[in-house]
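Engineer: the following comprises the amino acid sequence and a computationally predicted model.
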Amino acid sequence: MLMNGASDVKDLVVVVVGGTTGLGLSAAKALSVAGARLVVVGRSGDSLESALLVLGSGACGLAGDAVLPETSERAVELAVKQFGRLDGLYHVAGGSGRSRGDGPLHELTDEGWDYTLDLNLKSLFNSNRAAVRQFLKQGGGGAILNMASVLGWSPSPKYFASHAYAAAKAGIAGFSKATAAYYAPHNIRINVIAPALVETPMSRRAVGDEEIVQFVSSKQPLDGGRVGVPGDLDGAAVFLLSRQARYVTGQVLAVDGGWSVTEGQRGGASN
């Protein structure tokens, strides 16, 4: 199988929701270098401005809250207006609800539950619906890549007991598989990428905790047992959005340094 995604997204028009910082910006850079044309979406106007300076003339964007349906609708409209069509969507937007009450079930507040599901699952529903409507209108198919997390099916009760977040990420996998099955006859591909602990603005709590970093050294043993960096996901993201992935849909790809296949014993991996 060819894996040279660099040449295979050339001139594709991709909307990246959550594409102005962290994992989304890293992927947007990779897509831009490979020749894709981009619409990036983020909540902060300042982050959007900085991202567009980095991405150059092949990108445009808008600032808006992905939880609101009109944000994704406007992004798709901008892609069509600026570049003539939409070929792909990468939904990265989401985040932790800890500060709003997410946590272990017996402590999880109603606000924490609603906030976390809106931030991670409702926002994704909005962007996926807007993209699919445009794909159907255009004809010819399209590609959607959704960001989940290994915590959706591979929990860590001691260090990452955020049960609304786990539910939202598990929901993304189920939603993506169901919609992938339904829209496959239309050549619309829908896949999921699932990281473990990656150094992003969202993960400051975990990355700054020495005990968690020690745990991760055996839970994510690849490449020396380090915390991931946003660029670790770029190759998989570009491939799944590329023409080379034209026969791939309904898949959940863990890019997790080995998280989902190890026990994560403190003090080093078992022999």
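Structural biologist: Sure thing, it's come through.
Engineer: how about the strands in this protein?
Structural biologist: 13-17, 37-42, 59-63, 88-91, 142-147, 188-195, 252-255 (DSSP state E).
Engineer: counting contacts, what elements does the last one pack onto?
Structural biologist: With contacts taken as 3 or more Cβ pairs under 8 Å, 6 or more residues apart in numbering; DSSP states H and E, strand 252-255 sits against helix 163-183, strand 188-195, helix 234-241. Bear in mind the C-beta positions are built from the backbone N, C-alpha and C, glycine included.
Engineer: possible to save those as TSV with distance to Leu31, mean pLDDT and mean neighbour count?
Structural biologist: Output for the helices and strands packed on strand 252-255, formatted as TSV (distance: least, Cβ to Cβ, whole Å; pLDDT from 0 to 100; neighbours: other Cβ atoms under 10 Å):
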stretch	distance to Leu31	mean pLDDT	mean neighbour count
helix 163-183	20	98	20
strand 188-195	14	98	24
helix 234-241	6	97	24
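Engineer: could you redo those as a markdown table and give each row distance to Val17?
Structural biologist: Shown next, in a markdown table, are the helices and strands packed on strand 252-255 (distance: least, Cβ to Cβ, whole Å):
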| stretch | distance to Val17 |
| --- | --- |
| helix 163-183 | 13 |
| strand 188-195 | 14 |
| helix 234-241 | 13 |
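Engineer: relative to Ala254, which of these is closest?
Structural biologist: Checking those against Ala254 by Cβ to Cβ gives strand 188-195 as the closest, at 4.7 Å.
Engineer: relative to helix 163-183, how tilted is the closest one?
Structural biologist: Here the directions of strand 188-195 and helix 163-183 differ by 150 degrees (axes from the mean of the first three to the mean of the last three Cα atoms, to 10 degrees).
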